[in-house]
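>>> how does the following fold in three dimensions:
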Amino acid sequence: MRFSEGKRAVVVGYDAISPLGADLPEQWRNALAGQSGIGPLTRFPLHDDFPVRIAGQVPEIDHLDYPFLTPRHRAAWHSPVFRYGMLSVARALERSGIDIDAGLAPRVAVTYSSAVGGIDAVLAADRKWQAERKLPHPYANPNSCINMIGGKIAMLTGARGPILSAITACATGLTSMLVGAMLLAQDRADIALCGAVDCALVEPILAGFHTMNGAFHPKQGREDESPARASRPFSVDRRGFVVSEGAGAIVLATKEFAAAHGLHPTAELAGWGMTSDAHHFVMPAEDTVRQCMLDALGDAGVAPGDIAAINAHATSTRAGDRIEFDALRAVFAGKLPPVSANKSLLGHAMGASSAIETILALRGMEENVVPPTINHRPDPEMELDCVAEGARTLTQEHVLKNAFGFGGCNACAVLRKIA
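Residues are numbered from 1 along each chain as shown. I've put the predicted structure just below:
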């Protein structure tokens with residue numbers, strides 16, 4: 001269904017916090033330099049038999065001057081998803097120049113979400129009950145509610161438009177943008193605060209990914225290899241994903257709102273697709289992944305040859321990377337543009353990954369550069385250009401962003417640069 005051109009979504013602001021750094025300029029510099037954000041896991045004491053030893057951890061932010069980082073606020077809202085998520089949105093709004101006043105508030109939607117949410121709060125409450133028979137803190141349940149992240153962002157910004165949590169596992173960040181764009185297209189809002197946050201570095205989540213054979217496991221005899229080498233998407237020696245954490249916020253507005261208020265959009269969400277694999281709880285399906293990309297291209301009205309670069313989902317799993325490659329090869333008839341796999345730098349921040357990666361793609365479009373895929377050793381079964389030599393100068397009018405999640409949730413978007 002086509003909507004008026006004036007209601008199409010444009011990007012007017014964005015911000016992220018990730019294992020690459022606490023502020024966006026630092027993250028961008030590190031990405032272009034091929035600097036990995038993966039290191040030893042220090043979020044909790046590690047027993048000798050704990051199977052996961054590395055992670056992508058974000059830097060300390062509590063010293064920053066924001067009202068939601070006060071000791072009192074952190075004591076109540078102790079799950080890091082709240083301070084990371086709120087920080088990303090506050091800075092994205094600052095970047096956009098939008099002031100949400102009483103007149104605008106009813107036209108501001110919130111679709112910001114999370115795949116895992118504040119599960120750490122439930123674990124902490126359960127452990128205290130088991131060990132000390134102490135009842136949970138009054139904020140324990142609110143900390144664990146995934147939709148509370150969007151709620152706190154609405155309270156922070158004053159947004160009073162539609163609010164919902166679109167959860168599609170590891171595709172959550174990009175899905176949040178697509179749902180936000182739907183609300184704009186249907187004239188239910190003029191602005192949408194989109195994105196996702198996840199902080200899944202807790203023992204049962206990490207150990208669970210290990211028992212699923214999803215998390216990185218070093219080759220026998222190479223346990224001392226640098227953590228920076230562990231995440232290697234599309235590589236012949238890929239051995240699973242590295243779990244990380246982070247947050248990314250993207251502020252969308254309608255074209256007509258941006259023009260009327262003197263905003264300066266950097267890119268347009270030109271087209272998108274969403275499909276369900278209806279296949280397997282974790283194994284993606286090549287045909288529906290392929291269809292999702294084709295739907296995004298068709299919605300944008302562009303041909304595969306118009307895509308200058310691809311920002312891949314690329315988690316570093318053997319099956320997942322291969323299926324994404326097969327789908328790309330079919331869509332692009334074997335003539336693939338450069339493919340950047342940001343998880344080589346960031347690790348896998350669950351639902352936040354696709355939001356952070358979209359921001360890196362947007363920044364690359366603005367500066368005519370594609371971040372590198374590090375740790376890449378070519379797989380003879382997957383012939384593709386991973387920008388393995390380092391950051392590459394490249395003019396990009398259109399970029400395809402892929403994101404796929406557990407349960408067969410696929411989301412793809414075509415981003416168009418605005419000169």
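
>>> contacts, neighbours, all on C-alpha from now
Fine.

>>> what's the local residue count around Thr172?
When counting by other CA atoms under 10 Å, one arrives at 33 neighbours for Thr172.

>>> what does Asp99 give?
Asp99, neighbours per other CA under 10 Å, totals 12.

>>> can you check Ser165 too?
23.

>>> cool, and Ala33?
Ala33 has 14 neighbouring residues, counting by other CA under 10 Å.

>>> what's the answer for the one 5 residues further on, then?
Using other CA under 10 Å, the number of residues around Ile38 comes to 27.

>>> tell me what it is bridged to.
Per DSSP bridges, the residues bridged to Ile38 are Gly56.

>>> what does the pLDDT read for it?
For Ile38, the model assigns a pLDDT of 98.

>>> can you name the residues that contact it?
Neighbour list for Ile38: 19, 54-57, 227-228, 230, 242, 244, 345-347 [criterion: CA atoms under 8 Å, 6 or more residues apart in numbering].

>>> filter those residues down to the ones in helices?
Under the assignment DSSP state H, the contacts of Ile38 contribute 345-346 to helices.

>>> dump the residue contacts of the nearest residue to Ala355 once chain neighbours are set aside.
Spatial nearest neighbour of Ala355, excluding adjacent residues (CA to CA, 6 or more residues apart in numbering): Gly173 at 4.4 Å. Listed by CA under 8 Å, 6+ apart, the contact partners of Gly173 are 112-114, 194-197, 248, 351-356.

>>> what do you get if the cut-off is 7 Å, keeping everything else the same?
Counting by CA atoms under 7 Å, 6 or more residues apart in numbering, Gly173 makes contact with 195-196, 351-355.

>>> do the same with Ile191
107-109, 184, 252-254.

>>> residues near the closest residue to Thr393 other than its chain neighbours, how many?
Distances taken as CA to CA, 6+ apart place Val369 nearest to Thr393, at 4.3 Å, with adjacent residues excluded. Per other CA under 10 Å, the neighbour tally for Val369 reads 18.

>>> what do you get for the one 3 residues further on?
Neighbour count for Pro372, taken as other CA under 10 Å: 26.

>>> next, it: secondary structure please.
Using DSSP: H, G, I helix; E, B strand; the rest coil, the structure places Pro372 in coil.

>>> equivalent analysis for Cys194, please.
Once three-state DSSP is applied, Cys194 turns out strand.

>>> quick one, what contacts it?
110-112, 176-177, 180, 249-251.

>>> which among these end up buried?
110-112, 176-177, 180, 249-251 (16 or more other CA atoms under 10 Å).

>>> can you put those residues in CSV and add pLDDT?
CSV is the format used below for these (pLDDT from 0 to 100):
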residue, pLDDT
Val110, 98
Thr111, 98
Tyr112, 98
Ser176, 98
Met177, 98
Gly180, 98
Ala249, 98
Ile250, 98
Val251, 98
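
>>> farthest pair in those residues?
Gly180 and Ala249 (11.9 Å; CA to CA).

>>> ok, then the element right after the helix or strand where Gly85 lies?
For Gly85, the element it lies in under DSSP states H and E is helix 80-96. Next helix or strand after helix 80-96 toward the C-terminus (DSSP H and E): strand 108-110.

>>> what's the angle from whatever helix or strand comes next after that next one to helix 80-96?
Helices and strands here follow DSSP H and E; after strand 108-110, the next one along the chain is helix 119-132. Counting by axes from the mean of the first three to the mean of the last three CA atoms, to 10 degrees, helix 119-132 lies at 160 degrees to helix 80-96.

>>> buried residues, helix 119-132. List them.
Buried-residue list, helix 119-132, by 16+ other CA under 10 Å: 119-123, 125-126.

>>> may I see these organised as TSV, with distance to Asn30 and pLDDT added?
As requested, the buried residues of helix 119-132 are exported to TSV (distance: CA to CA, whole Å; pLDDT from 0 to 100):
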residue	distance to Asn30	pLDDT
Ile119	30	93
Asp120	29	95
Ala121	32	95
Val122	34	93
Leu123	33	94
Ala125	37	94
Asp126	38	95
